[in-house]
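Peer 1: Give me a model of this one.
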Amino acid sequence: MIGIYFSGTGNSRYATELFCREYDKDSRVFSIEDDDVFESVKGADLIVFAYPVQFSTVPKIVRDFASDNRELWKNKKVFVIATMGLFSGDGSGMLGRLLESYGAEVIGGLHLKMPDSIADEKALKRPLEKNKELVKLAQQKIKESVRQMKEGHPTKEGIGLLYRLAGFWGQRAYFGHKTREYTSKLKVDNEKCVGCGKCEKLCPMNNITIVDKKAVSGNRCTMCYRCINKCPKEAITLLGKKVVEQCEIEKYL
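Peer 2: Model (predicted):
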């Protein structure tokens, strides 16, 4: 087994690492941004693939990774973990169906409610203790899911018609179009930005550059919120108008 993930604030990375460690302490985990992820997938018979749900669907960067490397998935067994701040009817099913179209066998799925990574929307924020409680509950779900997989009965959250209908009518029918393409709506407050370059280094899409000591965003943002949650001056926003709370998984462990 190997684990692969895409993560903005660490939720999906943490879930992958814990799941794989519980299943086999010698298993290895890779980001889809790692150079050696391709060879690792080629040599694996079972893959745990975790990602953060956006509007009950798959982020553009994850969808592109899966489709650009479609030859990797043929005859692979895949277990999908979907992390989310609120709700996703078929988060694991969305990625699972895509991988199945490239020849993978999706053996199950797991949905984990985690601290929300959207730092600039007050309505989505929870108290610190509530987020810590969410992480503890996620840890318990992961351990129980691993137990069931070892017994030959992997969990199948997000897999099947009823889950699919819930995901479509719950969010995707109204907001699913937001992830079909990369976005140009990332905003930088030039009065706050000091040109430190942290966002430029963190961006998985190379969508941010420093020009004249200020961050400048392009049109290929995948809405991972990595830069927004790491900016030391809280100068970057996307969906909201100001940063309410910066979030990383380490804050809740």
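Peer 1: Contact partners for residue 117?
Peer 2: 8-9, 11, 52, 85, 224-225, 229, 247 (CB atoms under 8 Å, 6 or more residues apart in numbering). Just so you know, the C-beta spots here come from the backbone N, C-alpha and C atoms, and that holds for glycine as well.
Peer 1: How about the secondary structure of it?
Peer 2: Under DSSP: H, G, I helix; E, B strand; the rest coil, residue 117 falls in the coil class.
Peer 1: Next: residue 178.
Peer 2: helix.
Peer 1: those strands in the stretch 151-253 of the chain, which residues are they?
Peer 2: 187-188, 208-211, 214-217, 236-237 (DSSP state E, counting those that start in this stretch).
Peer 1: closest to residue 126 out of those?
Peer 2: Closest to residue 126 of the strands of the stretch 151-253 of the chain is strand 236-237 (CB to CB; 19.4 Å).
Peer 1: pLDDT (mean, whole number) over the closest one?
Peer 2: Mean pLDDT, computed over strand 236-237, is 98.
Peer 1: and if you look at stretch 45-58?
Peer 2: Averaging pLDDT along stretch 45-58 gives 96.
Peer 1: Check stretch 199-208 too.
Peer 2: Stretch 199-208 comes out at a mean pLDDT of 98.
Peer 1: End to end on it, go ahead and measure it.
Peer 2: Length of stretch 199-208, first residue to last, CA to CA, to the nearest Å: 7 Å.
Peer 1: List the buried residues in it.
Peer 2: Buried positions in stretch 199-208, judged by neighbour count with 16 or more other CB atoms under 10 Å: 199-200, 202-205, 207-208.
Peer 1: go on, stretch 85-100?
Peer 2: 85, 88-99.
Peer 1: OK, contacts around the closest residue to residue 27 other than its chain neighbours?
Peer 2: Take residue 27 and drop its neighbours on the chain: the residue closest to it by CB to CB, 6 or more residues apart in numbering is residue 20, 4.2 Å away. Each residue near residue 20 by CB under 8 Å, 6+ apart is listed here: 1-3, 27-29, 48.
Peer 1: contacting residues around the residue nearest the centre of the chain?
Peer 2: The geometric centre of the chain, computed from its C-alpha atoms, lies nearest to residue 52 (CA atoms, centre = their mean), at 2.4 Å. Taking CB under 8 Å, 6+ apart as the criterion, residue 52 is in contact with 6-8, 11-12, 59, 82-84, 117, 224.
Peer 1: State the distance from it to residue 61.
Peer 2: 10 Å (CB to CB, to the nearest Å).
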